Structure formats: structure tokens, C-alpha cells
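> turn this into a structure:
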Amino acid sequence: MMKTIVEEKPISFKELEQKIFSYVCELGREITTAMLEAYDKELAEGRDKKNYRDKGIRTTTIKTVYGEVSYGRHVYQTKLEDGKKACVYLLDEAMQMEKIGLISTNLAEKLAMTVTEAPYRVTAETISSTCGQSISAGGVWNVIQRLVRNSMKSGRPVFARNMMRMRSASAS
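Sure thing, here's the model as predicted:
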């Protein structure tokens, strides 16, 4: 990458910064994919094979602060206490991957922090230009609604009340 930048026509520092940011985000996505898949493999080899029947690998994509990360993970079939069958991802459980849909917790938190200070459109533009992630104003709205619903369901309505209070304060 550096050789390519040096061989190109002279560029401004702003362009250099943007290219490096893009490269670092790409590298972060590749490292995350490799680490998640390696950890998933370890979990697959060390699992209780009587309780977790391997049903293959499913590919998923999660939106992170440095872009979309696609990776494969094993899905397992297990029996619940009531005897019903369920599919589980040991990787998600082991890493406590709390996602808001297909959005990482870190990205959702950044959206929540930004939306308290700016309209959804401005939040979308800010996140899209600073996080290596593309999101629309409608996408921001959907994430915030899901965060509020999850907050209410979990019995922690403080987040929901704070979000509404901060939104109404920023609107005035």
C-alpha cells in the first residue's frame, strides 16, 4: 500500500490520512475474520460432542466500527431442558457477542452517543465518514429503536428514558 501511495502523484495529507484509515480498517476486518474463525475452530474441537451436534458452518456478516466483517462459524443442534431442539452458535456465546441485529455493540454505542447530539441524518453522515461503515439515517433510526426496545425488555428502561430525554433536549 505504501509503495502505491509513494508511486502515485503527490497527494494532500488529508488524502493520505483517508487512504491509511481505509487500509487500517481493511486490515482490522481481515484480522477479526481470522481470529473469529480460529476461535470457532477451537470451540468446535473442544465442544461436548454428545450435547452439541455440528450442523455445519454458516457465514454471517457483522457491521463494526471499521466496516463489515464476514466470517464463518459452526452452528450446533442441542436439546433444551424441555426436550425441544435448538440451534446455537458456541462462538457467539463464548465471546458474549451482543449484537443489535447485525451491528456490533461498539457501533451501536457510537450511534447512540452521536444521535443524542445530532439528527439521524447527521449521525449517519458522521458514522459513515469516521467509522469505515456506511449507514443511512433510516438505519440509524432502526438501531436506536432496537436499542430502546432491548432496554425496555431487559428491565433496564433507564437507557430508553435517557435516550428520549437527550433527543428531546437536542431538538430544542
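
> need the helices for the protein, in chain order.
For the chain, helices defined by DSSP state H occupy the ranges 2-7, 13-46, 90-94, 105-115, 120-130, 137-153, 157-171.

> show residues contacting the fifth one.
Here helix 120-130 makes contact (CB atoms under 8 Å, 6 or more residues apart in numbering) with 107, 110-111, 114-115, 118, 133-141, 144. C-beta coordinates here come from the backbone N, C-alpha and C atoms, glycine included.

> highest neighbour count among the residues you listed?
When neighbours are counted by other CB atoms under 10 Å, Leu111 leads the contacts of helix 120-130 with 27 neighbours.

> dihedrals phi and psi, the residue nearest the centre of the chain?
Taking CA atoms, centre = their mean, the centroid of the chain lies closest to Ser104, which sits 2.2 Å from it. Main-chain dihedrals, Ser104, degrees, to the nearest 10: phi -70, psi 160.

> which residue is the nearest non-sequential neighbour of it?
Thr64 (4.6 Å; CB to CB, 6 or more residues apart in numbering).

> residues contacting the one you found?
Counted by CB under 8 Å, 6+ apart, Thr64 has contacts 28-29, 32, 104, 106-107, 133.

> Leu80 too?
Applying CB under 8 Å, 6+ apart to Leu80 gives the contacts Ala86.
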